[in-house]
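Novice: after the sequence you'll find the predicted model.
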Amino acid sequence: MEADARNEGARGPVDLRLRRGARQATTHPHSQNDTSHPQRIAIIGGGPGGLYAAVLLKRLDPTREITLWERNAPDETFGFGVVLSDETLGGIEHADPAVYTALQSSFTRWDDIDIVHRGTRQTSSGHGFAALGRKRLLEILHDRCRILGVDIRFRTEAPGPDQLSATHDLLVAADGVNSTTRQTYAHAFRPQVTEHRCRYIWLAADFPFDAFRFEIAETEHGVMQLHGYPFAADASTVIVEMREEVWRAAGFDEAAPQESVERCAKIFADALGGRPLRSNNSAWTTFRTVVNDRWSHGNVVLLGDAAHTAHFSIGSGTKLAVEDALALAACLEEQPDVPRALAAYEEERKPVVASTQRAARASLEWFENVRRHLDQPPRQFAFNLLTRSRRVTHDNLRLRDARFTESVEREFGCPSGTPPMFTPFRLRGLTLRNRVVVSPMDMYSAVDGVPGDFHLVHLGARALGGAGLVMTEMVCVSEEGRITPGCTGLYTGRQAEAWKRITDFVHAQAPGTAIGVQLGHSGRKGSTKLMWEGMDEPLPDGNWPLTAASPLPYKPGSQTPRELSRAQLTDIREQFAASAWRAARAGFDLLELHCAHGYLLSGFLSPLTNRRTDGYGGSLEKRLRFPLEVFDAVRAVWPEEKPLTVRISATDWAEGGTTAEDAVEIARAFAARGADAIDVSTGQVVAEERPEYGRSYQTPFADRIRHEAGVPVIAVGAISSWDDVNSLILAGRTDLCALARPHLYDPHWTLHAAAEQGYEGPGVAWPAPYRAGSRRPQTGRTDAPKPRLSLSTVTRLPRDSHGS
């Protein structure tokens with residue numbers, strides 16, 4: 001249920017008909033020991049996924065004995081409407097045209113999304129939704145099962161999974177989010193169930209919304225939201241959602257069921273036109289995300305919500321279950337035996353589901369924290385909501401609804417024809433001509449801390465490549481503060497002179513590009529091999545002693561650092577100040593203090609690495625003390641008109657470490673001392689971290705700091721496309737985007753982003769010698785000439801009988 005309906009899967013739909021190959025639906029003699037192609041199949045759960053699996057498996061082999069157990073009556077179900085994507089429908093059409101035809105005749109279709117907030121409605125078109133009633137969907141699948149000869153046992157509890165797996169060739173567990181099968185074999189599936197912060201209730205209204213509707217209500221108790229969409233000519237699904245504390249403050253925890261329904265109708269009376277809401281034994285609940293390490297155990301396989309869940313705000317529960325059924329049936333048909341079929345099914349589906357769950361998590365968290373965005377301008381708020389899952393982006397929203405997207409850009413302040421990434425941004429006395437930053441990347445190529453020709457070419461090329469700001473790698477403030485022997489420094493005059501050679505080149509040859517320096521100290525992560533020789537591995541010889549907040553090695557086998565004394569803290573603070581003074585003399589435009597990734601200053605901030613019992617350890621306030629002292633010393637010598645930023649790790653990705661809430665307080669503390677922006681990274685603080693990787697996965701931390709701490713932010717981490725940059729900037733989730741690996745792949749990434757978008761304004765400038773390459777090179781034609789004249793009508797051939 002979302003604007004992302006056309007962009008849900010990382011892969012296209014499973015085309016069962018095309019995948020079957022030479023093997024057709026034939027009789028397979030069954031024996032108790034034959035595991036090649038299952039004949040006796042048990043299915044627990046009569047939801048769409050279980051029913052559709054039964055349909056497909058029976059169609060592929062009519063001789064199969066398939067029994068499905070469903071505890072409820074045929075007409076008993078939760079919820080009201082179901083939204084399916086074009087990809088899912090395409091898979092159904094190829095696998096079973098009879099089901100597809102019945103669905104097509106039952107669909108309600110629409111294109112618009114309405115976002116209503118503070119009395120203003122924003123409408124975005126071109127999204128293409130199809131929905132039908134859940135009861136109607138089940139009726140279609142029940143009828144198809146009966147026609148094919150599937151034995152459905154309604155109002156019947158299934159026998160135990162142990163019994164069914166012993167007496168059948170295959171047990172398909174489609175028994176939902178509270179799966180008994182998953183619980184029985186928890187040791188094998190290793191489920192992780194996460195309960196989230198909002199309460200919600202499924203209701204219905206007896207009229208059709210004319211669009212997918214999101215409405216925000218700011219009540220005396222807190223923020224509540226409505227998700228609504230039509231599923232029939234006379235009915236709509238309505239979901240009301242709010243955070244747990246709002247739900248309790250509003251008294252819903254004590255309200256009778258009908259009272260809850262009536263109060264929801266009153267709160268959203270404008271959206272409903274004063275009409276009532278109705279329930280279907282509806283109850284308030286919290287959403288739980290289900291993830292399993294494995295989806296199969298022996299001849300038992302999980303399907304749909306038993307295997308995984310995705311938040312309703314992207315509407316993927318039924319979609320994923322149906323696609324699971326398509327993939328499972330195809331793998332059983334393709335593979336020589338059940339074990340390999342189940343392994344292939346899991347290998348195929350897990351990456352797709354993981355991608356969807358990441359998008360669902362982003363959407364879920366956006367709604368959990370919607371109050372963070374309430375003060376955004378109306379169109380930006382709507383754009384932010386539409387792009388919340390990162391599946392819908394600036395570029396594909398422009399394709400769907402150029403008028404809406406252009407209105408958001410105008411409200412943001414984009415001149416006509418200017419993508420958001422090419423708007424300027426001011427930090428203190430420095431105006432960056434665009435929002436792109438070449439992120440700091442350690443090159444480990446210096447000799448005695450001196451940047452050489454490699455650094456001139458590396459940084460010079462990226463400066464010529466059009467970014468608004470090019471950052472150096474972490475430049476060390478002392479010889480002992482290096483990560484590796486190849487790290488650069490600013491602790492000698494010779495190093496400063498070498499850096500000036502580079503800044504002079506950038507200012508002369510890439511006018512309009514700023515160059516910044518990142519200062520840091522390795523702390524306990526120093527005295528290691530070059531990255532490509534063994535990252536974080538100690539040197540075989542020539543090691544230097546390490547110092548840190550506490551005497552804790554980074555990982556087993558690492559050198560144990562000495563805990564810094566008060567006198568040593570003073571020395572290091574002065575080293576930072578001296579390096580900052582040299583950086584100013586070297587001509588840098590911006591300075592960033594590295595307080596992230598487990599290096600020295602980061603080691604003071606994290607409770608996992610700071611175990612001190614003096615005034616520099618314990619509470620967050622005390623852990624901040626030394627990094628703030630260093631910041632003050634640097635700010636005192638750094639030119640007043642030049643910006644000073646701070647990079648932090650907004651989470652340690654480890655239990656007991658820095659949290660997102662801590663990160664906001666850390667950002668506030670630095671901003672109060674004069675930080676002009678916070679560069680928001682995560683992790684690399686402890687070796688046992690467990691990051692949740694994904695596209696632009698660190699951006700939510702930047703978004704939170706920007707809105708709660710009220711300080712400009714730089715987002716970094718798996719931001720790879722100019723479309724991502726435009727989306728993040730326009731949605732107000734960040735002010736600048738730092739990209740690392742894309743600039744290793746393409747030093748002229750920003751110039752090429754401008755060319756690909758047809759942009760030629762002041763936000764980017766091609767160096768004069770490069771202007772002849774400012775348009776994409778021509779390529780050979782890949783399209784064949786179209787017929788000039790057609791005099792006959794082509795008759796479509798009937799479908800292959802095996803694919804119908």
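Specialist: Perfect, I can see it now.
Novice: okay, CA-based contacts and neighbour counts for the rest of this
Specialist: OK.
Novice: low-confidence ranges in the protein?
Specialist: For the chain, residues meeting the criterion pLDDT under 70 lie at 1-36, 781-804.
Novice: residues in contact with the strand or helix carrying Arg426?
Specialist: Mapping Arg426 onto the secondary structure by DSSP states H and E places it in strand 425-427. Around strand 425-427, the neighbours that count as contacts under CA atoms under 8 Å, 6 or more residues apart in numbering are 431-435, 643, 676-677, 735.
Novice: buried subset of those?
Specialist: Of the members of those, the ones counted as buried by neighbours, 16 or more other CA atoms under 10 Å, are 432-435, 643, 676-677, 735.
Novice: for the residues you listed, which one is nearest Ala709?
Specialist: Of all the buried ones among the contacts of strand 425-427, the one sitting nearest Ala709 is Ala677; the distance, using CA to CA, is 10.7 Å.
Novice: distance check, the closest one against Ala514.
Specialist: As for Ala677, its distance to Ala514 is 15 Å (criterion: CA to CA, to the nearest Å).
Novice: same question for Asp111.
Specialist: The span separating Asp111 from Ala514 equals 44 Å under the rule CA to CA.
Novice: cool, Asp270 as well?
Specialist: As it turns out, when the distance is counted by CA to CA, Asp270 lies 51 Å from Ala514.
Novice: surely Ala232 and Lys135 touch.
Specialist: No. Between Ala232 and Lys135 there is no contact under CA atoms under 8 Å: 11.3 Å.
Novice: between the two, which is the more surrounded one?
Specialist: When Ala232 and Lys135 are compared on other CA atoms under 10 Å, the one with more neighbours turns out to be Ala232, at 22 against 18.
Novice: and the nearest residue to the more buried one once chain neighbours are set aside, how many neighbours does it have?
Specialist: Here the nearest residue to Ala232 in space, its sequence neighbours aside, is Thr108; by CA to CA, 6 or more residues apart in numbering that works out to 5.7 Å. A count of nearby residues for Thr108, using other CA under 10 Å, gives 19.
Novice: cool, Val322 as well?
Specialist: Val322 sits with 26 neighbouring residues when counted by other CA under 10 Å.
Novice: for it, list the residues it contacts.
Specialist: Val322 sits next to 48-49, 52-53, 88, 304 when contact means CA under 8 Å, 6+ apart.
Novice: secondary structure element holding it?
Specialist: Using DSSP H and E, Val322 sits within helix 317-334.
Novice: report the buried residues of the very next helix or strand once past that helix.
Specialist: Scanning forward in sequence from helix 317-334 by DSSP H and E, the next helix or strand is helix 338-368. Buried residues in helix 338-368, defined by neighbour count with 16+ other CA under 10 Å: 338-339, 341-346, 348-350, 352-368.
Novice: following helix 338-368, which helix or strand shows up next?
Specialist: Elements were assigned by DSSP H and E; along the chain past helix 338-368, the next helix or strand is helix 378-386.
Novice: tell me how far Gly429 lies from Pro643.
Specialist: When CA to CA is applied, the distance between Gly429 and Pro643 equals 7 Å.
Novice: same question, Gln380
Specialist: Counting by CA to CA, the gap from Gln380 to Pro643 is 27 Å.
Novice: do Leu342 as well
Specialist: According to CA to CA, Leu342 stands 57 Å off from Pro643.
Novice: next one: Asn299
Specialist: Spatial separation of Asn299 from Pro643 under the definition CA to CA is 62 Å.
Novice: repeat that for Glu411.
Specialist: Look at Glu411 and Pro643: by CA to CA, they are 27 Å apart.
Novice: list the contacts of the residue nearest to Ala232.
Specialist: The neighbours of Thr108, taking CA under 8 Å, 6+ apart as the test, are 130-132, 230-233.
Novice: and those, which of them are in helices?
Specialist: Assigned to helices by DSSP state H, none of the contacts of Thr108 qualify.
Novice: what's the ChimeraX line that selects buried ones from these?
Specialist: Taking 16+ other CA under 10 Å as the burial criterion, the selection of buried members of the contacts of Thr108 in ChimeraX is written as:
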select :130,131,132,230,231,232
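Novice: reformat the contacts of Thr108 as JSON lines; add distance to Glu244.
Specialist: Shown next, in JSON lines, are those (distance: CA to CA, whole Å):
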{"residue": "Ala130", "distance to Glu244": "31"}
{"residue": "Ala131", "distance to Glu244": "29"}
{"residue": "Leu132", "distance to Glu244": "30"}
{"residue": "Pro230", "distance to Glu244": "27"}
{"residue": "Phe231", "distance to Glu244": "28"}
{"residue": "Ala232", "distance to Glu244": "31"}
{"residue": "Ala233", "distance to Glu244": "34"}
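Novice: which one among the contacts of Thr108 gets closest to Ala508?
Specialist: Nearest to Ala508 among the contacts of Thr108: Ala130, at 56.9 Å, using CA to CA.
Novice: so the closest one touches Ser106, yeah?
Specialist: No. Counting by CA under 8 Å, Ala130 stays clear of Ser106, with 9.5 Å between them.
Novice: roughly how far apart are Tyr200 and Thr237?
Specialist: Remark: distance between Tyr200 and Thr237 (CA to CA) = 13 Å.
Novice: looking at these two, which is more packed in?
Specialist: When Tyr200 and Thr237 are compared for neighbours, Thr237 comes out ahead with 26 against 21, by other CA under 10 Å.
Novice: just the buried residues of stretch 556-565, please?
Specialist: 558-564.
Novice: reformat these as a markdown table; add secondary structure.
Specialist: A markdown table is the format used below for those (DSSP: H, G, I helix; E, B strand; the rest coil):
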| residue | secondary structure |
| --- | --- |
| Ser558 | coil |
| Gln559 | coil |
| Thr560 | coil |
| Pro561 | coil |
| Arg562 | strand |
| Glu563 | strand |
| Leu564 | coil |
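Novice: and the angle for the helix holding Val322 with helix 338-368?
Specialist: In this structure, helix 317-334 runs at an angle of 160 degrees to helix 338-368, with axes from the mean of the first three to the mean of the last three CA atoms, to 10 degrees as the basis.
Novice: give me the number of residues near Leu490?
Specialist: Using other CA under 10 Å, Leu490 has 30 other residues around it.
Novice: apart from its chain neighbours, what residue comes closest to it?
Specialist: Distances taken as CA to CA, 6+ apart put Ser579 closest to Leu490, at 5.2 Å, once the chain neighbours are dropped.
Novice: contacts for the helix or strand containing that neighbour?
Specialist: In this structure, Ser579 sits in helix 566-586 according to DSSP H and E. Residues from elsewhere that reach helix 566-586, judged by CA under 8 Å, 6+ apart: 477-478, 490-491, 493, 496-497, 499-500, 503, 517, 519-520, 591, 626, 629-630, 633-634, 637-639.
Novice: hmm, 6 Å instead?
Specialist: If you take CA atoms under 6 Å, 6 or more residues apart in numbering as the criterion, helix 566-586 is touched by 477, 490-491, 496, 500, 630, 633-634, 637.
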